[in-house]
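# no sequence on this one, just coordinates:
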DNA sequence: ATTGTGTGTCAACAGTTGTTGGCATACGGT
DNA sequence: ACCGTATGCCAACAACTGTTGACACACAAT
């Protein structure tokens, strides 16, 4: 009921919990929700499957813990308005390459309703909230954020899931050059331009 | 070895085969590859699960048959170059709303390697081939087609899979207005603009 | 030393999955 | 009318799934 992480005595099993979570993220990212079995995750973490159940309650609970994610978006109000698109695409590319949680979430969202719900939450709350911080018409922020999400998620889907060769082989810097103007227009442009 | 569809005597079980295929597409689109069980598909088609195996060999074989898909792209050489983006986004939106095969393929591609491979085939062969028909620099066509695919698939992913509210609620005509310029630039623009 | 609690293993359960073989029936050509 | 083949259903298999409970050990506090 108090803070979610109370300063309780650090448990002796913290290392095991972390190992489970790390293995779970790897498996969910590589195989998706249903193909990632608790037995395989436990084997990766070198413990018994029943430990997963004790510490995370169920497979759904494990996924919920493993898919905890913060986009860590910068304060867009401090970004020069003309560079919003570039800042965003750079941030997302870096965030994606460095943390497989997003890939796990992306793969699982295709088949698992809970994962899709969490994905909606992230992009509606975190991204739309960030977009709302700089002064655009409040009635269009949700739509602008949605359009940005469509391009960002499409890039991730083709690059990390489907592994479309032309997208995989394109260096990040060149992707930035192509996609930054798209995001810029979605954020600050008008439909008719 | 001859034509794929030989003029053999029309089989008495053609109706059953078609019912299986229709049910399979529905289930694959709604549930993804692993959650769509043969038993559920057979129940929808009101036949026995063993019939599915006899006619399509295996679950993989059934999916391969159900995911057969042609983008039916128009001849882009006949489209005014300035309207390429608009023509493409309109075509894709119509193709998506009218045939659930693409949604099935999209959902399955996240977890099933065969489905991802087919998705690559469709967008590399069909889309890149269409892009190549109008005279751009041949060294960039693959990349341009990939960028178009990233936006198209991202739109489909957010609209039909994750069901991101701002994207779902936006009428098709408005999506065209926003996304057509993006595709147009990916197809005919230069990275620096 | 003894208790109690947290940590870990093992074996098993009940349900579901793709898949297979056997058997009944209905059709089409002779 | 007869026979081969196609069509369909039924029951069952073996493997795998998430999940559970019993049991063994290690640690900390008394």
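That came in fine, so what should we check first? Since we're looking at a predicted model, the values are computed, not measured.
# any stretches of chain A with poor pLDDT?
Along chain A, the parts satisfying pLDDT under 70 run over A:1-10, A:135, A:191-193.
# so which residue is smack in the middle of it?
Taking C-alpha atoms, centre = their mean, the centroid of chain A lies closest to residue A:102, which sits 3.2 Å from it.
# so, in contact with DNA strand D or not, the host helix or strand of it?
Secondary-structure assignment from DSSP states H and E places residue A:102 in helix A:101-109. No. Helix A:101-109 is not in contact with DNA strand D by C-beta under 7 Å from any atom of the strand; minimum separation 12.3 Å. Quick note: C-beta positions are derived from backbone N, CA and C, even for glycine.
# run through who's touching that helix.
The set of residues external to helix A:101-109 that reach it, using C-beta atoms under 8 Å, 6 or more residues apart in numbering or on different chains, is A:25, A:28-29, A:31-33, A:63, A:66-69, A:95-96, A:115-116, A:118-119, A:122, A:153, A:156-157, A:160-161, B:110-111, B:161-162.
# next structured bit after that helix?
helix A:113-121.
# what sits against the residue nearest to residue A:46 when sequence neighbours are not counted?
Residue nearest to residue A:46 in three dimensions, not counting chain neighbours: residue A:19, with 7.3 Å by C-beta to C-beta, 6 or more residues apart in numbering or on different chains. Contacts of residue A:19 were listed using C-beta under 8 Å, 6+ apart, and they are A:45-47.
# what do you get for residue A:80?
Residue A:80 neighbours (C-beta under 8 Å, 6+ apart): none.
# one more pass at 10 Å, please.
A:86-87 (C-beta atoms under 10 Å, 6 or more residues apart in numbering or on different chains).
# the one 5 residues further on too?
Residues touching residue A:85, when contacts are defined by C-beta under 10 Å, 6+ apart, comprise A:79, A:148, A:151, A:176, A:179-189.
# same deal with residue A:75?
Each residue near residue A:75 by C-beta under 10 Å, 6+ apart is listed here: A:130, A:133-134.
# around DNA strand C, pick out the residues from chain A.
Checking chain A against DNA strand C by C-beta under 7 Å from any atom of the strand, the hits are A:11-13, A:15-16, A:46-51, A:54.
# quick check: ChimeraX command selecting the buried ones in those residues.
Buried members of the residues of chain A next to DNA strand C, defined by 16 or more other C-beta atoms under 10 Å in any protein chain shown, are picked up in ChimeraX with:
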select /A:16,47,51
